[in-house]
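> Provided below are the primary sequence and the corresponding predicted coordinates.
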Amino acid sequence: MAGGEGALVPVPSENGGSVAVYPLHHGLNPPIARLAISWSRGNSLRVSVFRPPSEDQVGGKVVEVKLSNGDQEITDAQWRRIEYGSVSPFAMLQSRRSSFSSLLKVSKSPSPYHLDWWEYVIEYSKDISSLLGGRKLSPNPIIEEPKAIFKKGEEPTCLKAAWELMEIFYADKQSQAWLPERLVDWLADYDSLFSSTQRTIHSKLVDFQKDLVNIQVIEDDPRYWEVLSSALAVGWLDIVVKVLRLHGSYQLDQLSNREIENGLVEAVAVLISKMPRLRPESAVGKLGECFKSKPEFSKAWEKWRAQITKLDCSAFWIQCDNHQTREGLKGMLQIMLGNIDSIHMATCHWIELYVSHFLYIRPFTMGIESMYNLVLKCIQMKPVSNTHRLTGLLIAILEENTEVVLAECSKEYGPWMVAHAVELLSAGSEQAEILLYDERDNLGGISIGELYRLIYAQVLSSHSLTWQIAPIYLTSCMKQGMGLLEILLYRQSVRHNESLLKNIELCRLYGLNHISSNIMKVAGVYDWKHGRKGSGVYWLQQADDANRLHRIAQQLFDSVGKSISDESFKQWEGVIELLGSDSKSAGGLEFLHKYRDFKRFLQQVTSGKSTEAARQAVDSLILLMKNPSTPQRFWLPLLYDSLKLFNWQDCPLLNVSETNLLLNKLQELSLARLRPDFKESSLPPEALGCVRLALATNLGRAILDE
C-alpha cells in the first residue's frame, strides 16, 4: 500500500524506491493479451493471465503469488497461533500504558521512567517469547547415551532468537550489568541458526557426534581436541567437561598406566567447571561459579587465572607420554588464558569470536559503546561472505540505532515483529519514546509506532481468519485507528450469520453503535432480497429502521390476502410470527401481527369452536379497527370476513358502542371511495351492503340486550 494516493496508511518508500520482485510462472505461451491482479486470501495476490482467443491454446490461467510473510521457518498455522496468542499480552500492556499515562497527569511527572514500567514490559516480553517456541527438551531416555553431546529438542527459529536479543538489550533492565553473559547464553541457544550461512561450532559438534561411535581411541583424533577447544571458546562448559571425560585415560583398565595423563585431564576439567562468571546465577546443570558483584568476581578471576598459569608451568606435562593429549590440553589452557590466536582458531563465526572476548579477554566489559567497537573489530578479524539475518539486527542494537533496528525487524521478520517490538524499544528510554511516539507530518500526523501497528492491522484484516483481532491494534492508534476500524467493520460480509454476529459484537465492544445499526440494516436488506424474509425483518427491527419496515409492510399488505379463505396468507404467517407482541417500532408491521391474531381466531370460529372463541375474534377485530396503523383498504375485507360474528345466533357479540364504531368506519370508507386515489378491494359488489345490514341488525339486538 506504499506510494499510492489511495493508500489507507502513508508508507514511506524503502531502499531508494527499489521494489521486491516475485517470479510468476504461468506456463502460457506468448503473446499475453491481458493481466488482472487482485488480492486473494491472506498475504497473496491472484494474477489472471489471458491470451488472445485461439482454438488450439488455453485461453488463460489464474496463478496465486504468495508474498513473503517475513519468516519462512514458521508455517501459516503457527503464524496464526502466534498472532492470536500475542493479542492478550499486547492488550494488557496497552491497558497498563493508559493507566500509567493517567497517573502521570495526576502526579504531573515529566517522565514515566521513574516508575517500574520496565517490569511490565519484561512480563509482556516473556509472554510473547513463550509463543515463539523454545528449546523444549525431549523426555529423558530410560538408558542415557553416555556419548551424546546434545539433547534433542525443538529447533530454534530466527524469530525467537531476534525477540530474545531485543529483550536482552531493551526490556530486561535488571540484567543490564550482565549483558555479556546474556549474550553467551543467547549464542548457546541459537548458534545452530548461523549454520545456514557458514560453518559454526554447533555444526562441528553435531558432525563430530555422528562419528563419535566409530572412533576407537578418541584422544588420538585431532577433531576431538578441536571440538573441545571450540566449545570452550564460547563457554559451553558443561559440554566441554562431559566430552573431556570421554578421554581414554578414564577407563578402568587404563588408570594405572596413564595416571599422570588422567590427572592432567581431570585438572583441566576441574578448572573449567570452576570458571568464575559475572552473573547472578547459572541455569540448572550449567557449570561455573557465579558472582553478582564485580569486586568478588575480580578476586575469583585472578585466583582462577593464577591456577591456570600454575598448571601451565607444571612439570607434569613433561611426564605425559601422549603427545595429542598434552598439546590438546595446552591449547585449552591458552584459550582460558585469553590467547587471541588460540581463540581465533577455535571459533568459526565472528559472533563466536565476539562472545569469546567477553569470556576470556575482556571479562569486565561494561556498556554498549565498548561492545559495539568490539563488534567492528571481530567482523574485521573474521569477515563473512554470506550475512545472516540475525547479524544485521545485532549490529544495529549494539550501534544503538533505533531506526535501523526497526528497519531490520521490518525487513527480516515482517509487520508482526515490528508492531510488537516497538514496546521493547521504548522501554526505559525517553529518546526512543520520542522517536517512536512523536507525531510526524510526513506520516500524515501519526507516529512511527502507530504507523507500524496500522500496517500490521491491515495485514490481519486481509485474512478471513485473522480480521477479528485487527481491532485490538487499530484501537491502540489514536489518530487513524478508529476510522480504519469503521472501514474494516463495514467491509465484512453479512452473508453468514456467524460472521455477522461477530461483527456486531465487535461494534458493541468498541462503542460503535451507529456502525452496528448500519450493519444490521445492510444485513436486513440483504436477507430480505435473498428470500430470508423473517431474518430480514428481524435485523431491520434490531436496527430500528422504521422506514424500511414500513416499506416492507406495504409489500406485505399486497401479499397477505384479503379473505380468510385465501391461502397466500399462510406463507407470510411465519414472518409475522417473528414480530412478537411488542411491535411499536415496527411501523406498519404492527398491523400484520394483529391481523394474524384475528385470522387465527376467525379460523377457530369457522371450524365450529365455542362462543368464547367468537368473543376473542370480536375483541381482536375491535383492536384492529381502533388501531391507526390498520390501512383503510383493509377495513371492508375485515368486516366482510366478520359477517358470521355480526350474525351470531346465540347473542349479539358486539355492544352498542362497538357497533357504532364499526358503522362509523363504514361511513368513513364510503366518503373515502369518492377520492381518486382510493383502491377498490376485490370483494363482491354487495359486500358493503351486507356488512351495513349485519351491523344494523347487531345494533338493534345490542340495544334490546342493554
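Thanks, I have it.

> now the strands for the chain?
Applying DSSP state E to the chain gives strands spanning 34-39, 44-50, 60-66, 276-278, 289-291.

> Compare those and give me the one nearest Asn401.
strand 276-278 (27.0 Å; Cβ to Cβ). Every residue, glycine included, has its C-beta placed from N, CA and C.

> what's that closest one packed up against?
Using 3 or more Cβ pairs under 8 Å, 6 or more residues apart in numbering; DSSP states H and E, the elements in contact with strand 276-278 are helix 179-190, strand 289-291, helix 294-312.

> List the contacts of it.
Strand 276-278 is contacted by residues 178, 180-181, 288-291, 294, 297, 300-301, 304, 363-364 when judged by Cβ atoms under 8 Å, 6 or more residues apart in numbering.

> of those residues, closest to Tyr595?
Taking Cβ to Cβ as the measure, Tyr595 sits nearest to Trp178 out of these, at 82.0 Å.

> how many other residues sit next to the closest one?
19 (other Cβ atoms under 10 Å).

> same thing with the one 3 residues further on?
Glu181 has 22 neighbours, counted by other Cβ under 10 Å.

> For Ser230, see how far away it is.
Distance of Glu181 to Ser230, given as Cβ to Cβ, to the nearest Å: 19 Å.

> do the same with Tyr595
Distance of Tyr595 to Ser230, given as Cβ to Cβ: 91 Å.

> likewise Trp467?
In terms of Cβ to Cβ, Trp467 sits 49 Å off from Ser230.

> do the same with Leu488
In terms of Cβ to Cβ, Leu488 sits 53 Å off from Ser230.

> ok, the two, which is more surrounded?
Ser230 (25 against 22).

> Please report phi then psi for the nearest residue to Asp221 once chain neighbours are set aside.
Nearest residue to Asp221 in three dimensions, chain neighbours excluded: Ile215, at 5.4 Å (Cβ to Cβ, 6 or more residues apart in numbering). Dihedral angles of Ile215 (phi, psi; degrees, to the nearest 10) stand at phi -90, psi 120.

> and Ile215, how many neighbours?
Ile215 has 15 nearby residues by other Cβ under 10 Å.

> got it, and Gly133?
Gly133: 17 neighbours (other Cβ under 10 Å).

> ok, now how distant is it from Ile74?
Taken as Cβ to Cβ, the span from Gly133 to Ile74 is 9 Å.

> what touches both of those two?
By Cβ under 8 Å, 6+ apart, the residues touching both Gly133 and Ile74 are Thr157.

> Let me know the pLDDT of Ile168.
At Ile168, the model reports a pLDDT of 90.

> so it sits right up against Gln176, yeah?
No - counting by Cβ atoms under 8 Å, Gln176 is not a contact partner of Ile168; they are 9.2 Å apart.

> Among the two, which residue is more densely surrounded?
Shown here are Ile168 and Gln176; by other Cβ under 10 Å, Ile168 has more neighbours (20 against 14).

> what residues are up against the closest residue to that one other than its chain neighbours?
Excluding its sequence neighbours, the residue lying closest to Ile168 (Cβ to Cβ, 6+ apart) is Arg182, at 4.7 Å. Listed by Cβ under 8 Å, 6+ apart, the contact set of Arg182 reads Ile168, Asp172, Ser175.

> from those residues, which is closest to Leu501?
Looking across the contacts of Arg182 and measuring by Cβ to Cβ, the closest to Leu501 is Asp172, at 42.4 Å.

> burial of the residue nearest to the closest one when sequence neighbours are not counted, as a residue count?
Distances taken as Cβ to Cβ, 6+ apart place Ile122 nearest to Asp172, at 5.5 Å, with adjacent residues excluded. Residues near Ile122, counting by other Cβ under 10 Å, number 20.

> ok, Ile122 to Ile82 distance?
In this view, Ile122 and Ile82 are 19 Å apart by Cβ to Cβ.

> before we move on, the earlier item: which of the strands of the chain has the lowest average pLDDT?
Looking at those, the weakest mean confidence is strand 60-66, a mean of 70.

> hmm, back to that, so which of the contacts of Arg182 is the closest to Lys533?
Distances from Lys533 to the contacts of Arg182, taken by Cβ to Cβ, are shortest for Asp172, at 61.3 Å.

> Quick one: residues contacting the closest one.
Trp118, Ile122, Ser125, Arg182.

> In TSV: those residues, plus distance to Val618 and pLDDT.
Formatted as TSV, the entries for the contacts of Asp172 read as follows, by distance: Cβ to Cβ, whole Å; pLDDT from 0 to 100:
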residue	distance to Val618	pLDDT
Trp118	79	81
Ile122	78	90
Ser125	76	92
Arg182	89	89
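
> Looking at those residues, which is nearest Arg326?
Arg182 (35.8 Å).

> Please report how far that closest one lies from Arg389.
Between Arg182 and Arg389 the distance, using Cβ to Cβ, works out to 20 Å.

> what do you get for His463?
In terms of Cβ to Cβ, His463 sits 24 Å off from Arg389.

> Same check on Ser610?
Ser610 is 87 Å from Arg389, by Cβ to Cβ.

> With Leu704 instead?
Leu704 sits 103 Å away from Arg389, going by Cβ to Cβ.

> These two: which is more packed in?
Arg389 (18 against 8).

> Just give the nearest non-adjacent residue to that one, would you?
Closest to Arg389 by Cβ to Cβ, 6+ apart is Glu412, at 4.4 Å.
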